[in-house]
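# Requesting a structural model of the entry that follows:
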Amino acid sequence: MTMDGPTREKLGKSKIFEGLSPQEVDAMIECGEIVHFQSGEKIIEESSESADLYVVLNGRVSIEMMVQNHLGQIKRNKQIAVFRPGDVFGDMAFLSGTRRSASVTTIDNFSALVFDHDKLYELFDKSCHIGYAVVKNLAKTMSNRLMELNFMMRDY
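Model prediction:
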């Protein structure tokens, strides 16, 4: 994939690429595709079966979950996070192969580098170091998000 210098530089600062050489980052980028969405578009539907991984390039997205009242009736969509350039989403389904746990909707005009699950795992099979570093970085990201959620619930 051809990518301009500023986009490549911005992408290289994402935490998902920590510990990777520029050549390893390039190998990952080759497994991805840049996608664009308009403001207000749904990218991921909660409970869908996709497993792609997204790295935000431009714009913001709202991460939302359906919440229920005490009777188990669906109450509303609740925003649980806003992700910005450099952030990663889709990590839970990417790692576990399970259904999506939340919906993702664009707030602004938006672009991301999206990694196809199978293509990226093929790269991990070819380069254990890339696979190790990416999974380690995703684990750190998920751990930090869980810690933030724990603090939020404690203070609720």
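
# going forward, measure contacts and count neighbours with C-alpha atoms only.
Noted.

# residues near Ile34, how many?
By other CA atoms under 10 Å, the residues close to Ile34 number 17.

# in its sheet, what does the one helix or strand it maps to sit against?
Assigned by DSSP states H and E, Ile34 belongs to strand 32-37. Applying DSSP bridges to the sheet, strand 32-37 is found paired with strand 110-115 (antiparallel).

# quick one: least confident helix or strand in this protein?
helix 5-12 (a mean of 74; mean pLDDT, DSSP states H and E).

# Please work out the average pLDDT along the strand holding Ile34.
Mean pLDDT, strand 32-37: 95.

# What of stretch 119-130?
pLDDT averaged over stretch 119-130 gives 96.

# now Val55: how far from Asn69?
33 Å (CA to CA, to the nearest Å).

# Those two: which is more packed in?
Set side by side, Val55 and Asn69 show more neighbours around Val55, with 25 against 9, by other CA under 10 Å.

# Tell me if that one really is in a strand.
Yes. Counting by DSSP: H, G, I helix; E, B strand; the rest coil, Val55 is part of a strand.

# I figured it was touching Val114, is that so?
Yes. With contact defined as CA atoms under 8 Å, Val55 reaches Val114; the gap is 6.4 Å.

# and for those two, which residues touch both?
Counting by CA atoms under 8 Å, 6 or more residues apart in numbering, Val55 and Val114 have no common neighbour.

# So which residue is smack in the middle of this structure?
Here the mean C-alpha position of the chain is nearest to the C-alpha of Phe89 (CA atoms, centre = their mean), at a distance of 1.5 Å.

# tell me the pLDDT at that one?
94.

# Asp155 too?
63.

# for Met3, same thing?
For Met3, pLDDT reads 70.

# do the same with Ile74
pLDDT, Ile74: 66.

# now His70
Reading off the model, His70 has pLDDT 66.

# Then Asp52?
So, for Asp52, pLDDT stands at 94.

# who touches it in this structure?
Asp52 neighbours (CA under 8 Å, 6+ apart): Gly90, Ala93, Phe94, Val114, Phe115, Asp116, His117.

# For those residues, give me JSON lines that also has neighbour count.
Listed next are these as JSON lines, based on neighbours: other CA atoms under 10 Å:
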{"residue": "Gly90", "neighbour count": "21"}
{"residue": "Ala93", "neighbour count": "20"}
{"residue": "Phe94", "neighbour count": "23"}
{"residue": "Val114", "neighbour count": "20"}
{"residue": "Phe115", "neighbour count": "23"}
{"residue": "Asp116", "neighbour count": "17"}
{"residue": "His117", "neighbour count": "18"}
